[in-house]
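In: Sequence first, predicted coordinates after that:
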Amino acid sequence: MSGRTGKYSITMPRDIAEAAKARSGPSGLSAYVAAAVARQIERDNLNELIQVAEAEHGPITDEEIQALRDQLHQARQQPTQGGANTA
């Protein structure tokens, strides 16, 4: 995240705010909310990329998704060059 910050006022349901505050830990609610927003922006960006790719190449099939998941799972099971497994 960027080093520069700004102060903003947001409104959210009280139960969500209290749950976030309870989970925020020592970094505080602002850091917790900033991390959540950053993850949502990443998801939005990925969804945009998927839409562009599907518009150009057609939709991704369930079989293609499963094949890629299998490849990822196999790659995670293989030792890295340093000899340690990645998690």
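Out: Now that the structure is in, tell me what you want to look at.
In: Just read off the phi/psi values of the residue nearest the centre of the chain.
Out: Centroid-nearest residue in the chain: residue 39, 4.4 Å away (criterion: CA atoms, centre = their mean). Main-chain dihedrals, residue 39, degrees, to the nearest 10: phi -60, psi -40.
In: mind listing what it touches?
Out: For residue 39, no contacting residues are found, by CB atoms under 8 Å, 6 or more residues apart in numbering. Quick note: C-beta positions are derived from backbone N, CA and C, even for glycine.
In: so how far is stretch 26-38 from its chain's centroid?
Out: 14 Å (CA atoms, centre = their mean, to the nearest Å).
In: ugh, wrong one, I meant stretch 52-62
Out: Distance, centroid of stretch 52-62 to centroid of chain: 21 Å (CA atoms, centre = their mean).
In: Now the terminal residues of it, how far apart.
Out: 18 Å (CA to CA, to the nearest Å).
In: neighbouring contacts of that stretch?
Out: Here stretch 52-62 has contacts from residue 50, using CB under 8 Å, 6+ apart.
In: which of the residues in it are buried?
Out: For stretch 52-62, the neighbour count (16 or more other CB atoms under 10 Å) marks no residue as buried.
In: Check residue 86 and give its pLDDT.
Out: According to the prediction, residue 86 has pLDDT 51.
In: repeat for residue 80
Out: 72.
In: Tally up the residues packed near it, please.
Out: 9 (other CB atoms under 10 Å).
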